[in-house]
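1. Sequence and predicted structure below; questions after.
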Amino acid sequence: MRKGILCLTALSAAAALTLSACGGDDDSGDSNSASGSAKGKVGVILPDTVSSTRYESFDRPYLEQAFKAAGVQYDIQNAEGSTQRFQTIADQMITSGATVLVVDGLDSNSAAAVQRKAQSQGVKTIDY
């Protein structure tokens with residue numbers, strides 16, 4: 001069941017990436033994906049390693065596998081329980097060209113702040 005949910009999340013991110021790539025005429029998008037078939041990049045921010053081992057033991061490998069299979073460039077990082085690190089990772093991902101952010105927030109306030117900033121920059125968000 002968990003693998004199915006993760007695959008669905010990855011496919012949703014890939015679909016959002018594809019839709020955002022179709023949105024404009026700008027050809028400056030980076031296409032360094034596994035198969036070179038998608039423009040842009042998906043950034044995934046995991047919340048921590050303490051509350052559950054699943055984030056690094058299960059979620060990360062399944063997401064990586066799904067993104068690779070979809071030919072999507074991705075960056076998966078862990079906030080290690082820090083709201084400041086969560087925000088910093090999000091800022092770095094947006095700056096480095098992420099067109100979709102998949103976030104599993106530490107709390108509703110920090111997650112909402114990241115989502116607002118991402119959306120103001122034209123980055124699609126998926127609450128994971």
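-> Cool, the structure landed. Small disclaimer: the values here were computed from a predicted structure and weren't measured.
2. Pull out the buried positions in the strand or helix carrying residue 115.
-> Residue 115 is part of helix 108-120, with elements assigned from DSSP states H and E. Using 16 or more other C-beta atoms under 10 Å as the burial criterion, the residues of helix 108-120 that qualify are 110, 111, 114, 115, 117, 118. Placement of C-beta: from N, CA and C, glycine included.
3. to the chain's geometric centre, what's the distance from it?
-> 13 Å (C-alpha atoms, centre = their mean, to the nearest Å).
4. same deal with stretch 96-109?
-> For stretch 96-109, the distance to the chain centre is 6 Å (C-alpha atoms, centre = their mean).
5. Now the terminal residues of it, how far apart.
-> Terminal residues of stretch 96-109 are spaced 24 Å apart (C-alpha to C-alpha, to the nearest Å).
6. for stretch 116-128, same thing?
-> Criterion C-alpha to C-alpha; first-to-last residue distance in stretch 116-128 is 15 Å.
7. So for that stretch, mean pLDDT?
-> Mean per-residue pLDDT for stretch 116-128: 95.
8. Can you add distance to residue 125 and give the buried residues of helix 108-120 back as a markdown table?
-> Listed next are the buried residues of helix 108-120 as a markdown table, based on distance: C-beta to C-beta, whole Å:
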| residue | distance to residue 125 |
| --- | --- |
| 110 | 13 |
| 111 | 9 |
| 114 | 8 |
| 115 | 5 |
| 117 | 10 |
| 118 | 5 |
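9. how about residue 72, phi and psi?
-> phi -110, psi 130 (degrees, to the nearest 10).
10. between the buried residues of helix 108-120, which is nearest residue 43?
-> Closest approach to residue 43 among the buried residues of helix 108-120 (C-beta to C-beta): residue 118, at 8.9 Å.
11. tell me the phi and psi of residue 124?
-> The phi/psi pair for residue 124 (degrees, to the nearest 10) is phi -70, psi 150.
12. What about it, how many residues nearby?
-> Burial of residue 124 is recorded as 22 neighbouring residues (other C-beta atoms under 10 Å).
13. Over to residue 80?
-> Neighbours of residue 80 (other C-beta under 10 Å): 14.
14. ok, it touching residue 48?
-> Yes - contact status for residue 80 versus residue 48: in contact at 5.9 Å, counting by C-beta atoms under 8 Å.
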